[in-house]
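Chemist: coordinates for the following, if possible.
(4 chains)
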There are 4 protein chains.
Amino acid sequence: MNMARPLPSYLIQRFHGWRATTWQDNKAWYRKLATGGQHPRAMVISCCDSRVHVTSIFGADEGEFFIHRNIANLVPPYQADGEPHGTSAAVEYAVTALKVAHVVVLGHANCGGVKGCHDMCSGHAPALEEKTSFVGRWMDILRPGFERVSHLPEGDRLGALEKEAVLVSLENLMTFPFVRAAVETEELTLHGLWTSTGEGTLEQYEPELGRFVPV
Amino acid sequence: MNMARPLPSYLIQRFHGWRATTWQDNKAWYRKLATGGQHPRAMVISCCDSRVHVTSIFGADEGEFFIHRNIANLVPPYQADGEPHGTSAAVEYAVTALKVAHVVVLGHANCGGVKGCHDMCSGHAPALEEKTSFVGRWMDILRPGFERVSHLPEGDRLGALEKEAVLVSLENLMTFPFVRAAVETEELTLHGLWTSTGEGTLEQYEPELGRFVPV
Amino acid sequence: MNMARPLPSYLIQRFHGWRATTWQDNKAWYRKLATGGQHPRAMVISCCDSRVHVTSIFGADEGEFFIHRNIANLVPPYQADGEPHGTSAAVEYAVTALKVAHVVVLGHANCGGVKGCHDMCSGHAPALEEKTSFVGRWMDILRPGFERVSHLPEGDRLGALEKEAVLVSLENLMTFPFVRAAVETEELTLHGLWTSTGEGTLEQYEPELGRFVPV
Amino acid sequence: MNMARPLPSYLIQRFHGWRATTWQDNKAWYRKLATGGQHPRAMVISCCDSRVHVTSIFGADEGEFFIHRNIANLVPPYQADGEPHGTSAAVEYAVTALKVAHVVVLGHANCGGVKGCHDMCSGHAPALEEKTSFVGRWMDILRPGFERVSHLPEGDRLGALEKEAVLVSLENLMTFPFVRAAVETEELTLHGLWTSTGEGTLEQYEPELGRFVPV
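Modeler: Numbering: from 1, shown residues only, chains lettered A, B, ... in the order given. Below you'll find the predicted structure:
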């Protein structure tokens, strides 16, 4: 039994608005992309959060960014165990098939997934520790980051953990042999960002300084 | 060793352009979203493909859609095995924490992931059959869909398989107890879409007709 | 005898600055462009004027725009006479080889070439009427535009003629069979712009209104 | 019938980004340039190629360079036949009206125009030999350069021809009486450059050595 239901009419209306304006104005380009294939310059790994759209922040049009979005913009460590790994598949496709020049991990303020991780690791969210909690098991990826911020004062910990979600992902990216190889041959660069859309700010990680700095 | 590099300056310039325009014009709303939390109406599951941005097609602003993007917009079957499952975590968070009213699966034309699945299942892509191929193991999720289109003439199979990627995902969504429960109590509706951005078209699955129909 | 002289050292210094920053940060992309070829989305035809750099106005990085710059952003009419025509060659290459989706003609305020045309057509620049004046013979392309603005008050004529330089070029573009064909099959769209960098404004031509309108 | 279409909205957004940042920060200078006229120090003749922006390589701001861009950075020989010659007009305007101190010809790696010339002169591109091929007739300017590299091994010929495009242009520049006069009175110097943006290198022609040398 397929449960699919008709799309809410306001979305159908919006689609026709897109078709009559954006698509109409860009159809030559969209058709070229359809027939000639995509050549995105960068992969962006960002959060599912409805408040953080990288296409908006970077004024991106079709064709520019290959975008993977998951809870808390996490990349798990390399684990070629024959099981399905959606994030790893996206990274593999971007780096080995599309040969993007940049992989950008974009973290953000007020991340619900990071907060869940914080609460779970602090012992305040037993439900997330259940084997059956998909969010909990996913946020386990960020546990090494929690260890690194647990000494901080309570009020600073959550923001620091959001940035750790970026750093842990960058570290895990380097465990993928094809990522490491492309970085070492300088065919690929990695970038760590954190944005607060509420404040309209963007920071990038600077390894020399060991911290995030406003751009 | 963290390999993060400075962001290309054209992206920094674009960010400042966004801050000076879109953010400036919407900052009251963005701040409200930051402090009051997100209340997205729908979750959208779409492909990482750089040519398909649901925020563009549906003219979305910050706060409306909780967006998960992976290769070929796939949802795996429910499997609470204690391993990290990024897609399942995103679905769980959207349905149980954010309580979205809709989950929309958006497939698309010229999907590289679906083509990989087609080639692999046809025996023409041995590399994808390797245990170490993340793309191959991820696209295994679509194998049941390939079975259903394998009788079609060669020329029709790929397009049909793109639509199967939507249908298989909808079916797999219903294997999640919290999804099924919310659908049955009518707190949640599921929707299957397929778009060709090259042609500027959008189709939705109509269960009564058993096929996709232009909106 | 080759008269080439060493480059002024301030330019050598600047090159090394570019190499140490922009190139260093983008080399993966620049190498990919070098080996994989360019896929620019648009051709831009703009003036040589040192005050109007389209890469600045549109925050463009390497790979986005195929840019032809000549005096007064003019396109001559189609004339396949076996003589070298640099502008026509650039248009042919962009449309038939690169298959760009857009051709943008960008005019601008205070254009010296347009002023020369105005003076020449008004009878105040006899030197430009000489057969040996390259600027004069090039600006002859704009004579049909001068006819259309000659009835205007003296003070309005120059600005109107700058915009005619865009319109005449758009008209002449349509005399190229390969441009017309691509426009008619909607593989290509043409766009007419006029900018005042002094005022920080950009206007586009709207055929329905028959005039340029601020964006 | 004017076929102009609305500008893609991502370019409008980028323009507003430029206006809010670059223009806002520099408006006093841009206004002075608008009212006081341009005083560029140099003319640069470079290729239309989307991968080679001289404003980037030399970190140029508005007002510094008068830039002519055509296919393969070519200057045809002096020919005052009363026909429109866009490149000659640009050179004339730069040298006699703006009185620039330098004319820089900037060649580059992976030049599609030079490759077309190579194929045509080798007898492998009959379409480019047609009278109606604008690219072919334009690249005829480089035929004398092909003669000088045709003795080289196949693998060296294309790179050598890219540099010949610079040298032929410098030679042709000296056939313009006003260029020769300004060079002889030392009011003007000519410069020959070749860049590989993929490798991040810049070479300049040294007449004493008879070859290009990295700067």
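
Chemist: all helices of chain A, in order?
Modeler: Assigned by DSSP state H, the helices in chain A fall at A:9-18, A:24-36, A:54-57, A:86-92, A:112-121, A:126-129, A:134-139, A:143-149, A:154-173, A:177-184.

Chemist: mind checking which of those helices is nearest chain D?
Modeler: Distances from chain D to each of the helices of chain A were compared by C-beta to the nearest C-beta, and the smallest falls on helix A:24-36, at 5.1 Å. Where C-beta positions appear, they are placed from N, C-alpha and C, glycine not excepted.

Chemist: residue C:176: which of the helices of chain A is closest?
Modeler: Using C-beta to C-beta as the measure, helix A:24-36 is the one of these that comes nearest residue C:176, at 16.1 Å.

Chemist: just the C-alpha atoms of that closest one, please, in CSV.
Modeler: Presented in CSV, the C-alpha positions along helix A:24-36 are these (Å, rounded to 0.1, in the frame of the first residue of the first chain):
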residue,chain,number,x,y,z
GLN,A,24,11.9,30.5,-17.6
ASP,A,25,14.9,32.9,-17.2
ASN,A,26,17.4,30.2,-16.9
LYS,A,27,16.1,27.3,-18.9
ALA,A,28,19.0,27.4,-21.4
TRP,A,29,21.4,26.9,-18.6
TYR,A,30,19.2,24.3,-16.8
ARG,A,31,18.9,22.4,-20.1
LYS,A,32,22.6,22.5,-20.7
LEU,A,33,23.2,21.2,-17.2
ALA,A,34,20.7,18.4,-17.9
THR,A,35,22.3,17.3,-21.1
GLY,A,36,25.9,18.2,-20.4
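
Chemist: quick one: buried residues of stretch A:169-186?
Modeler: Neighbour-count burial for stretch A:169-186, counted by 16 or more other C-beta atoms under 10 Å in any protein chain shown, picks out A:169-174, A:176, A:179, A:182-183.

Chemist: and it, is it in reach of chain D?
Modeler: No. Contact check for stretch A:169-186 against chain D, using C-beta under 8 Å from any C-beta of the partner chain: none in range, with a minimum separation of 10.7 Å.

Chemist: one step back: now mean pLDDT and distance to chain C too, for the helices of chain A, in TSV please.
Modeler: Listed next are the helices of chain A as TSV, based on pLDDT from 0 to 100; distance: least, C-beta to the nearest C-beta, whole Å:
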stretch	mean pLDDT	distance to chain C
helix A:9-18	94	17
helix A:24-36	93	4
helix A:54-57	93	14
helix A:86-92	98	15
helix A:112-121	98	28
helix A:126-129	97	38
helix A:134-139	98	30
helix A:143-149	97	26
helix A:154-173	97	14
helix A:177-184	97	8
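
Chemist: quick one on the thing from earlier: quick check, nearest of the buried residues of stretch A:169-186 to residue C:192?
Modeler: When the buried residues of stretch A:169-186 are compared for distance to residue C:192, the smallest value, 42.3 Å, is given by residue A:182; criterion: C-beta to C-beta.

Chemist: that closest one: what's its closest spatial neighbour, skipping adjacent residues?
Modeler: Closest residue in space to residue A:182, ignoring its immediate chain neighbours: residue A:188 at 3.7 Å, by C-beta to C-beta, 6 or more residues apart in numbering or on different chains.

Chemist: just the pLDDT for the one you found.
Modeler: In this prediction, residue A:188 carries a pLDDT score of 95.

Chemist: next up, the contacts around it.
Modeler: With contact taken as C-beta atoms under 8 Å, 6 or more residues apart in numbering or on different chains, residue A:188 is in contact with A:95, A:100-103, A:179, A:182, C:28.

Chemist: contacts only, for the most centrally placed residue in chain A.
Modeler: Here the mean C-alpha position of chain A is nearest to the C-alpha of residue A:46 (C-alpha atoms, centre = their mean), at a distance of 2.1 Å. Shown in contact with residue A:46 (C-beta under 8 Å, 6+ apart): A:52, A:54, A:67-69, A:73, A:105-106, A:108.

Chemist: what is the nearest of those residues to residue C:39?
Modeler: When those are compared for distance to residue C:39, the smallest value, 18.9 Å, is given by residue A:67; criterion: C-beta to C-beta.

Chemist: what about the residue nearest to the closest one when sequence neighbours are not counted, neighbour count?
Modeler: In space, residue A:67 comes closest to residue A:44 once its chain neighbours are excluded; the distance is 4.9 Å by C-beta to C-beta, 6+ apart. For residue A:44, the neighbour count with other C-beta atoms under 10 Å in any protein chain shown is 29.
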